[in-house]
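> Just the structure for this:
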Amino acid sequence: MPNPYFQFKQFVVFHDKCAMKVGTDGVLVGAWAQVDGARKVLDIGTGSGLIALMLAQRNPDAFVTAVDIDEAAVEQARENVARTPWSDRMEVERLDIRKAPEEWNGCFDAIVSNPPYFVESVKCPQAQRNTARHTDELDFYALLSKVSVLLSEKGSFSVVLPATASADFVALALGKGLHLLRQTWVHPRQELPAKRVLMAFVKHPCAQTEITHLPIETERHVYTPEFSELARDFYLAL
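Numbering: from 1, shown residues only. Predicted coordinates for the structure are as follows:
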């Protein structure tokens, strides 16, 4: 039976009620996203609350709002948040982000998401997991349309996606007035093609996009120095 929780250095994440379990994608974007100086932070599609908790740990001055459309995930995220030292500056709401209240417009200095991204892949029979994994409920266009409204003028939007989705996502973002500031290609190993990409967007045009590469392992279960540096405040083994 899978472990119902994941122990990090400063918090524990239970994920037995969530469709999507704690995984490397969430840890990557939670550790990589720019949140320094942000006062209001939004995590879209929070699931277990992992990313929101990482952002709260990283920025002691931020108030973090986490939203998800799934009732069970929201319940679990609230329970996870309640066990941390940061619960007084965090909130978890059950919300379809496409229906976010008008008072949120331009409100968030940092928005972070590990969104659904499987468009044409075969779906599993579990409806909850389909919602978490597939873009039927929240496609890229709908996500970017809302992010462009909710993001403050000097804010940044960070996202993790399959590497193959990068070009389409960047083009859609540009159509919504969001410009690619940073991009990190994530490789399972140095010699292997990138499987994921981390991207950060801002509202102002960028003279140049910062492009980097991040290999995860040198061999099975042996992390690279680059990944260890990124995740050292969270993983117990680092």
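
> Every contact and neighbour count from this point should use C-alpha atoms.
Noted.

> now the helices: where do they sit in this protein?
Secondary structure of the chain, counting by DSSP state H: helices at 24-32, 50-58, 71-82, 127-133, 140-150, 166-175, 225-231.

> In JSON lines: those, plus mean neighbour count and mean pLDDT.
Listed next are the helices of the chain as JSON lines, based on neighbours: other Cα atoms under 10 Å; pLDDT from 0 to 100:
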{"stretch": "helix 24-32", "mean neighbour count": "21", "mean pLDDT": "97"}
{"stretch": "helix 50-58", "mean neighbour count": "24", "mean pLDDT": "98"}
{"stretch": "helix 71-82", "mean neighbour count": "21", "mean pLDDT": "97"}
{"stretch": "helix 127-133", "mean neighbour count": "18", "mean pLDDT": "43"}
{"stretch": "helix 140-150", "mean neighbour count": "19", "mean pLDDT": "97"}
{"stretch": "helix 166-175", "mean neighbour count": "15", "mean pLDDT": "97"}
{"stretch": "helix 225-231", "mean neighbour count": "16", "mean pLDDT": "97"}
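
> For residue 88, which of these is the nearest?
In terms of Cα to Cα, the element of those nearest to residue 88 is helix 71-82, at 8.6 Å.

> Give me the contacts around that closest one.
Taking Cα atoms under 8 Å, 6 or more residues apart in numbering as the criterion, the residues outside helix 71-82 that touch it are 12-15, 17-19, 46-50, 53, 67-68, 87, 90-94.

> quick revisit: export the helices of the chain to JSON lines and tack on distance to residue 199?
Listed next are the helices of the chain as JSON lines, based on distance: least, Cα to Cα, whole Å:
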{"stretch": "helix 24-32", "distance to residue 199": "9"}
{"stretch": "helix 50-58", "distance to residue 199": "15"}
{"stretch": "helix 71-82", "distance to residue 199": "25"}
{"stretch": "helix 127-133", "distance to residue 199": "19"}
{"stretch": "helix 140-150", "distance to residue 199": "13"}
{"stretch": "helix 166-175", "distance to residue 199": "8"}
{"stretch": "helix 225-231", "distance to residue 199": "15"}
